[in-house]
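Q: have a look at this fold, sequence not included:
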């Protein structure tokens, strides 16, 4: 072994590779694998490795390696969108995906560096610091540059994990804190094991708690999965076939509330034939309710990613507020990106904040479109009034990847946080009915044409998370970090 390689080996290369592998294995804790028990073990390993580092720089590298493993394994489907459907040359798409995953890995690197820089002597305080930093990092990642909280640690703890019982209180970032803290407790000996058992037992007990209650009579719903191939969707010669396809599915599956996917119709609303819209409205009225479909709407030089309703209720529109960077809007300074990735309609305008629930089929419905359901705090304004949540998505952009199952897992956390059923109508998957307890009641097979028919009941009442949002989890994380750091700093000064 050469001297340079030996030095690198002695400076922690095995630990870096171990962290990288642990991060890759962490993907198994998320959907579709859902081995939720695995992540505490991997975080415990990372906690140990960080404690063995020689300084904050090495710890930051350790955290970066773990994060790179997570995101290369968990969100590399971005490559499919850029290369296969965006038309970007594969070397550039691969480089862009690598850089994106490296950016996301900076947040676990921040956790590692700060953890080692302020490492207290007490194992209990080390655990508080580790958990608080992870929660703050996930919160920051969900906010900075418009946010990308995909694969936040807490999403891995959807039911049946006992920790999911805390979701209606603390939300997904609170689950991140509790999960990271749980991973450190065994290091504290018998008392730590006891605390871990109490934490899990309380979570299991909270799973039995109902925060909301059914309201009114159940309604029939039909969630349409058109399965229109992304590479064909925007071809002009396919437009008429798409209209006929959706009309047939709506006709054959009557329901009080029918929901079509995001941008089900690949044209502006004004370009749809008026007789076609009249026919859809007549079908909805004949079915005794309303139909909701995704379509771009425009006015002047502005256009929106919208959901529009037709039927017994007055026509209503919801326009997407939280847009996808590079997919639905181009950040300043990145106009060159459009020249390499040919993504249709990538300059949407954002809809107005705090849009009121839509009145559909006698229910108040909080609509969100695709990526928006990653941001639980942004759905809260409509939840106290709305009895149902509806998500309309088109993840065909990411091909046959982990994205569809991961997105459904995110929706399960949103339903659990709000104590409301979540209805998901998607183009290629995963179309599903999620109960207010976060459990999937019914789902269609992905990448198949179909309509999911179900009876769904609205819910009323509010959970603690709906009342307070992410404030409790933010305070919990901050106070934990302060409680861990300040005693350690005083001890150093006293020495």
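A: Received it, and whenever you're ready, just let me know what you need. Just so it is clear, the model here is predicted, and its values are computed rather than measured.
Q: okay, and the beta partners of residue 442?
A: Under DSSP bridges, the beta-bridge partners of residue 442 are residue 433.
Q: correct me, but it touches residue 451?
A: No - under the criterion of C-beta atoms under 8 Å, residue 442 makes no contact with residue 451, lying 11.5 Å away. Glycine gets a C-beta too; all of them are placed from N, C-alpha and C.
Q: same drill for these two, tell me which one is more crowded.
A: For residue 442 versus residue 451, the count of surrounding residues by other C-beta atoms under 10 Å is larger for residue 451: 20 against 14.
Q: residue 36 belongs to a strand, doesn't it?
A: No - inclusion of residue 36 in a strand is not indicated when DSSP: H, G, I helix; E, B strand; the rest coil is applied; the result is coil.
Q: now it, nearest residue through space, not along the chain?
A: Of all residues not flanking residue 36 in the chain, residue 161 sits nearest, at 4.1 Å (C-beta to C-beta, 6 or more residues apart in numbering).
Q: which ones are touching that neighbour?
A: The contact partners of residue 161, by C-beta atoms under 8 Å, 6 or more residues apart in numbering, come to 36, 37, 203.
Q: got the phi and psi for the first one?
A: Listed backbone geometry of residue 36 is phi -60, psi -30, with angles given as degrees, to the nearest 10.
Q: cool, the second one as well?
A: Comment: the main-chain dihedrals of residue 37 come out as phi -70, psi -20, following degrees, to the nearest 10.
Q: try residue 258
A: Main-chain dihedrals, residue 258, degrees, to the nearest 10: phi -110, psi 130.
Q: try the one 3 residues further on
A: When quoted as degrees, to the nearest 10, the phi and psi of residue 261 stand at phi -70, psi 170.
Q: count the neighbours of the residue nearest to it when sequence neighbours are not counted for me.
A: Nearest in space to residue 261, with sequence neighbours left out and distances taken as C-beta to C-beta, 6+ apart, is residue 427 at 4.3 Å. Residue crowding around residue 427 was assessed by other C-beta under 10 Å; the count is 27.
Q: longest strand in the protein, by residue count?
A: The residue-count maximum for a strand in the chain (DSSP state E) belongs to strand 213-225.
Q: what sits against residue 421?
A: When contacts are counted by C-beta under 8 Å, 6+ apart, residue 421 touches 388, 389, 415, 433, 434, 435, 436, 441, 456, 457, 458, 459.
Q: so which of these are in strands?
A: Among the contacts of residue 421, the members falling in strands (DSSP E) are 388, 389, 433, 434, 441, 456, 457, 458, 459.
Q: show me which helix runs longest in the chain.
A: Looking only at the chain and at elements set by DSSP state H, the helix with the highest residue count is helix 90-117.
Q: quick one: buried residues of the longest strand of the chain?
A: For strand 213-225, a neighbour-count test (16 or more other C-beta atoms under 10 Å) marks 219, 220, 221, 222, 223, 224, 225 as buried.
Q: hang on, isn't the third one packed against residue 454?
A: Right, residue 221. Yes - in this structure, residue 221 sits in contact with residue 454. The criterion is C-beta under 8 Å, and the distance is 5.5 Å.
Q: shared neighbours, those two?
A: Between them, residue 221 and residue 454 share these contacting residues under C-beta under 8 Å, 6+ apart: residue 433.
Q: what's the neighbour count on residue 146?
A: By other C-beta under 10 Å, the residues close to residue 146 number 14.
Q: all numbers from here: first residue = 108
A: In the new numbering, first residue 108, that becomes residue 253.
Q: quick one: the residue nearest to it when sequence neighbours are not counted from residue 457, how far?
A: Using C-beta to C-beta, 6+ apart and skipping the chain neighbours, the partner closest in space to residue 253 is residue 432 (5.8 Å). Shown here: residue 432 relative to residue 457, a distance of 12 Å by C-beta to C-beta, to the nearest Å.
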